[in-house]
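Asks: fold the following and give me the result.
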Amino acid sequence: GATDAELAVMQIHEEEIFDETFWLETLLGGCTALETELAEAYDYVSPCFPPHYNIFDSIFQLYHLQFAQAVDVIGQVSDKLSTTGQLRLMQWVCSYQQTLRGLGVQEELVRLPIAPLSSHPDDVAGFALLINSYTDRMEATMTDWYRSILAQDLEGQPQQMGDGTLRTPGVIDFFRMLNEQVSVLEEISGGEVLLAAARRSLKLMQDFVKAQQELLKPGSLAAIIAAAAAVKPAAAAAAPPAAAAGELAFEMVCAQVNNSVDCYNQSLEFTENVQLLLDEGYRSELDVEETCRVFLDLAKAWSNQLIYIIYSDAGLVDQWRRMYNSQEWLNGTTTATIRATLEDYFTDVSTFVEPGFCRRVCEGVLEEYVRRSSSAAVAALEKGPAAAVAAMGVAVAADGDADDMVLSRLVQDERDVQVFFEPFVPLDKLVKRVAQLAGLRELLDSRDPEGVVAGYEAVLELNPAITPAMVDTLMFNRAGLSKAQIADIGVQCREAYSKAIKKQGGVAAGAAGAAAAESKGWRFWGR
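Replies: From the prediction side, this is the model:
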């Protein structure tokens, strides 16, 4: 360390503390005085000269360049200013521009020149830097807030509204804060300042959607809680067991569907209000529709997640193992149990989810039911009904009895599906899915080549995982068809498969079966 003698000769310099308030008062006071001088020049100096001298234009350009130079200097250090200081400076610039409009200055000249003292033509004007600095800070603050809001929603339990639907409070909080950000700038400007804030608000909406989309990824819940904990340390400690396990409960996913619908409605209301606040020349510069639509896309994704949760139910998984390959299926017990389980879920969905998306969930469950049925049936019955029934341990008296038993069960399944889903799914969509089940029956049982091909085309429309090779296996064990007919069926099925894959813009999965359905889940069959 230093000796006493060395310390004695040291000169202590006190660094002057920057007083932003005093600095702003001095700066803006001087600028306002110059602004007043400019107005006086318009009133008292300009009339003293012949009109063709355009004397005010010369005076205006001189003052305007000085103002631009000052704002450029401020813009370079705008990130060092407080938010209040940034707002005061933007308010003065907008007020000055309004003064120029009142003095008859053309609109294209009202904006401050770009870096008048810069030697680089691509430099950004100081006012733009000031606006960017303010909106950067706004975005950072809002990002921390919505992460905290999202974490708090996930830590708590969904609230049941008066109509029975489930929601969390985060949506209201998010848009309330967005509206507050806009209201701060509302009195300052309806021009470029408000436009910049509106654009950042739209970006924040998109980021809010992306943060929620992360929840759809396995294991992402813990990461979101941890990110919020950086802002709010209590968040991680308060996380519920479901959050710690990285899974969202059925009720929470129902709430997320409704939240996304609410976000869509709130975003429309928010953007409509901003459009009214913006000056007319700026309104067309916002891409409003695309931003609002992402909330509906998010609601659809959450609806798909509900379908995934339903089909991940352990009881349903066990029953799907028995489909088409057990005595319980043959006597109707398996399908009855599946329908009873789905009915319980539909009762909850009908109560917890907005009506429009409740229908979407029910339609998706029906679609997945038909898709899984086609995969499981083709795998279980590939060697023919007789072999399948024998594997079930069911004794038959005559050769054709097994075929009749399987066909009777397939027909009854179609009827049961139609009756069960009728209260939940629009008739046109229900008829379409039941027709695909009928197509599956034709594929599995028909001795007519045209019937087999028509049935395969119906199945392909929903489940391209059923390949022509699988059809070949079915036909190999199909009685009543000649080799020529089987070959012709193979050619037609390959043509139908090629067209279906091109239409769907992808390559279907390979062999499908009940075991794969369990491991991959409903999304696998939907590819």
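Asks: name the SS class of the closest residue to Thr351 other than its chain neighbours, please.
Replies: Spatial nearest neighbour of Thr351, chain neighbours left out: Gly164 (4.5 Å); criterion: Cβ to Cβ, 6 or more residues apart in numbering. Where you see a C-beta, it was placed from the backbone N, CA and C, and this is true even at glycine. Secondary structure for Gly164, judged by DSSP: H, G, I helix; E, B strand; the rest coil, is coil.
Asks: let me know the pLDDT of Gly164.
Replies: Gly164 is assigned 93 on the pLDDT scale.
Asks: pretty sure it is in contact with Val353, am I right?
Replies: No: Gly164 lies out of contact with Val353 (Cβ atoms under 8 Å); the separation is 9.5 Å.
Asks: state which helix of this protein is the longest.
Replies: helix 126-155 (DSSP state H).
Asks: partner strands of the following helix or strand past that helix, with direction?
Replies: Note on helix 126-155: by DSSP states H and E, the next helix or strand toward the C-terminus is strand 159-160. As defined by DSSP bridges, the strand partners of strand 159-160 come to strand 166-167 (antiparallel).
Asks: which parts of stretch 445-462 are buried?
Replies: By 16 or more other Cβ atoms under 10 Å, the buried positions in stretch 445-462 come out as 445-446, 449, 451-462.
Asks: between all of those residues, which two are separated the most?
Replies: Pro449 and Leu462 (21.9 Å; Cβ to Cβ).
Asks: next, give phi and psi for the residue nearest to Thr351.
Replies: Here is the backbone geometry of Gly164 (degrees, to the nearest 10): phi 100, psi -20.
Asks: so what's the residue count around it?
Replies: 11 (other Cβ atoms under 10 Å).
Asks: likewise for Val417?
Replies: When neighbours are counted by other Cβ under 10 Å, Val417 comes out with 21.
Asks: same check on Ile466?
Replies: Residues near Ile466, counting by other Cβ under 10 Å: 28.
Asks: and the helices in the stretch 101-250 of the chain?
Replies: For the stretch 101-250 of the chain, the helices defined by DSSP state H, counting those that start in this stretch cover 107-110, 126-155, 170-186, 192-213, 220-231, 234-238, 241-244, 250-277.
Asks: could you check how far the closest residue to Ala299 other than its chain neighbours is from Ala458?
Replies: Spatial nearest neighbour of Ala299, chain neighbours left out: Ser260 (3.6 Å); criterion: Cβ to Cβ, 6+ apart. Between Ser260 and Ala458 the computed distance is 33 Å (Cβ to Cβ, to the nearest Å).
Asks: what's Gln91 sitting at in phi/psi?
Replies: Dihedral angles for Gln91 - degrees, to the nearest 10 - are phi -60, psi -40.
Asks: got the contact list for the closest residue to it other than its chain neighbours?
Replies: In space, and not counting its chain neighbours, Gln91 is closest to Ile188: 4.8 Å by Cβ to Cβ, 6+ apart. By Cβ atoms under 8 Å, 6 or more residues apart in numbering, Ile188 lies in contact with Leu87, Met90, Gln91, Cys94, Leu194.
Asks: any idea of the pLDDT on Ile188?
Replies: Ile188 is given a pLDDT of 85.
Asks: could you do the one 3 residues further on as well?
Replies: pLDDT, the model's per-residue confidence, is 85 for Gly191.
Asks: what's the answer for the one 3 residues further on, then?
Replies: The predicted local distance difference test score for Leu194 is 90.
Asks: ok, it to Gln61 distance?
Replies: Taking Cβ to Cβ, one finds Leu194 at 27 Å from Gln61.
Asks: which one of those two is surrounded by more residues?
Replies: Leu194 (21 against 12).
Asks: ok, and the closest non-adjacent residue to that one?
Replies: Leu185 (5.2 Å).
Asks: that neighbour reaches Glu192, doesn't it?
Replies: No: Leu185 lies out of contact with Glu192 (Cβ under 8 Å); the separation is 10.7 Å.
Asks: neighbour count winner among these two?
Replies: Leu185 (24 against 20).
Asks: which residues are in contact with the more buried one?
Replies: Taking Cβ under 8 Å, 6+ apart, one finds Leu87, Met90, Val193, Leu194, Ala197 in contact with Leu185.
Asks: ranking those by neighbours, who comes first?
Replies: Neighbour max across the contacts of Leu185 (other Cβ under 10 Å) = Ala197, 24 neighbours.
Asks: quick one: it and Phe127, what's the gap?
Replies: Counting by Cβ to Cβ, the gap from Ala197 to Phe127 is 14 Å.
Asks: what's the burial count for Glu35?
Replies: Using other Cβ under 10 Å: Glu35 sits among 18 other residues.
Asks: element containing Arg478?
Replies: Applying DSSP H and E, one finds Arg478 in no helix or strand.
Asks: surely it and Gly384 touch.
Replies: Yes: between Arg478 and Gly384 there is a contact under Cβ under 8 Å: 7.0 Å.
Asks: list of residues touching the helix or strand Val411 falls within?
Replies: Take DSSP H and E as the rule and Val411 turns out to sit in helix 401-421. For helix 401-421, contacts defined as Cβ under 8 Å, 6+ apart pick out 329-330, 332, 335-336, 339, 342-343, 362, 366, 369-370, 373, 377, 381, 385-386, 388-390, 394, 396, 430, 433-434, 437-438, 440-441, 444-445.
Asks: just the buried residues of these.
Replies: The buried subset of those (16+ other Cβ under 10 Å) comprises 329-330, 335, 339, 342, 362, 366, 369-370, 373, 377, 381, 385-386, 388-389, 430, 433-434, 437-438, 440-441, 444-445.
Asks: take those and keep only those in helices.
Replies: Reading helices off the buried ones among the contacts of helix 401-421 with DSSP H, I get 329-330, 335, 339, 342, 362, 366, 369-370, 373, 377, 385-386, 388-389, 430, 433-434, 437-438, 440-441, 444-445.
Asks: ok, and for stretch 484-501, which residues are buried?
Replies: Gln485, Ile486, Asp488, Ile489, Gly490, Gln492, Cys493, Ala496, Tyr497, Ala500.
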